[in-house]
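In: my questions are about this predicted structure, shown below with the sequence.
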Amino acid sequence: DAGVTQSPTHLIKTRGQQVTLRCSPKSGHDTVSWYQQALGQGPQFIFQYYEEEERQRGNFPDRFSGHQFPNYSSELNVNALLLGDSALYLCASSFGGPGGQDEQYFGPGTRLTVT
Amino acid sequence: GESVGLHLPTLSVQEGDNSIINCAYSNSASDYFIWYKQESGKGPQFIIDIRSNMDKRQGQRVTVLLNKTVKHLSLQIAATQPGDSAVYFCAENGDSSGYSTLTFGKGTMLLVSP
């Protein structure tokens, strides 16, 4: 039973570019949440996808967008990259349907470096 | 805004000692709390959780205590081992929407010496 997987592992981009990160949830999970973790900080909630729609969003600008596919996998897109976007991007999956559980399982993250 | 925070940034213990990591939260509406362990270069790993209708929950070598009166959460690790060395985060699910979104604190680094 595969856990949460993310790709790529590492990524280096230049300011102004766009990036797409990918996540596959744990088997049986239908909800994907994305978090940004700056060095030395705790993860910060970006947004959550359920039934292919964004149903909750944290305090992040519109440059951050996402998508969820019918197979529950998800993408995080960041446009017009800034140096401050350099961070570890974490994907977490959970079961969000009726009787859903709060427990979230995290993937290994994608380390994004913006130069 | 409301947030979860930790009292101690770094905790150093000897192997075999018991460790206690503390966390203060400010959102009185939070009804679910989780402790995560994060090793270098990895994503957070679930350790133990507790709901607000409980004040104590035990796992294997770990115990979480919740004091809602003073909004305090603690993680106790018994017989700490070098493999326990990591950053520990407490997180709360205090979103009033009812959806599961987590607010994390900054973390405590646990260093275990052999």
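Out: Looks like it came in fine. Numbering: from 1, shown residues only, chains lettered A, B, ... in the order given.

In: for residue A:25, give me its contacts.
Out: A:4, A:31, A:32, A:72, A:73, A:74, A:91, A:93 (Cβ atoms under 8 Å, 6 or more residues apart in numbering or on different chains). Where C-beta positions appear, they are placed from N, C-alpha and C, glycine not excepted.

In: quick check: it vs chain B, distance?
Out: 13 Å (Cβ to the nearest Cβ, to the nearest Å).

In: just give the nearest non-adjacent residue to that residue, would you?
Out: residue A:93 (3.3 Å; Cβ to Cβ, 6 or more residues apart in numbering or on different chains).

In: element containing the one you found, please.
Out: strand A:87-94 (DSSP states H and E).

In: strand partners of the next helix or strand after that strand, parallel vs antiparallel please.
Out: As assigned by DSSP H and E, the chain's next helix or strand after strand A:87-94 is strand A:105-106. Strand A:105-106 pairs in its sheet with strand A:87-94 (antiparallel), by DSSP bridges.

In: how far off centre is the partner strand?
Out: 5 Å (Cα atoms, centre = their mean, to the nearest Å).

In: that one - what's its average pLDDT?
Out: In this model, strand A:87-94 has a mean pLDDT of 96.

In: other residues contacting it?
Out: A:4, A:6, A:21, A:23, A:25-26, A:29, A:31-39, A:43, A:72, A:74, A:76, A:100-107, A:109-112, B:43-44, B:100, B:102.

In: ok, stretch A:53-66 next?
Out: A:34, A:36, A:44-49, A:68, A:74-80, B:95, B:97, B:99, B:101.

In: next one: stretch B:32-47
Out: A:4, A:43, A:90, A:102-109, B:21, B:25, B:48-52, B:59, B:62, B:64, B:66, B:73, B:75, B:84, B:86-93, B:100, B:102, B:104, B:107.

In: does chain A have contacts with stretch B:69-86?
Out: No - Stretch B:69-86 is not in contact with chain A by Cβ under 8 Å from any Cβ of the partner chain; minimum separation 13.4 Å.

In: swap that for stretch B:58-67, please
Out: No - judged by Cβ under 8 Å from any Cβ, stretch B:58-67 stays clear of chain A, getting no closer than 13.1 Å.

In: follow-up on the earlier one: and the residue nearest to residue A:25, how close does it get to residue A:48?
Out: Residue A:93 sits 10 Å away from residue A:48, going by Cβ to Cβ, to the nearest Å.

In: and residue A:112, by the same measure?
Out: With Cβ to Cβ as the criterion, residue A:112 and residue A:48 are 20 Å apart.

In: more neighbours: which of these two?
Out: residue A:48 (29 against 21; other Cβ atoms under 10 Å in any protein chain shown).

In: and the more buried one, that's in a strand?
Out: Yes - applying DSSP: H, G, I helix; E, B strand; the rest coil, one finds residue A:48 inside a strand.

In: give me the low-pLDDT residue ranges for chain B?
Out: Scanning chain B for pLDDT under 70 picks out B:1-8, B:94-100.

In: A helix includes residue A:2, no?
Out: No - Residue A:2 is assigned coil when assessed by three-state DSSP, not a helix.

In: least confident secondary structure element in chain A?
Out: The weakest-scoring helix or strand in chain A, judged by mean pLDDT, DSSP states H and E, is strand A:53-57 (a mean of 91).

In: quick one: pLDDT of residue A:1?
Out: 60.

In: hmm, back to that, select only the buried ones of the contacts of strand A:87-94 in ChimeraX?
Out: Buried members of those, defined by 16 or more other Cβ atoms under 10 Å in any protein chain shown, are picked up in ChimeraX with:
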select /A:4,6,21,23,25,26,29,31,32,33,34,35,36,37,43,72,74,76,100,102,103,104,105,106,107,109,110,111,112 /B:43,44,100,102
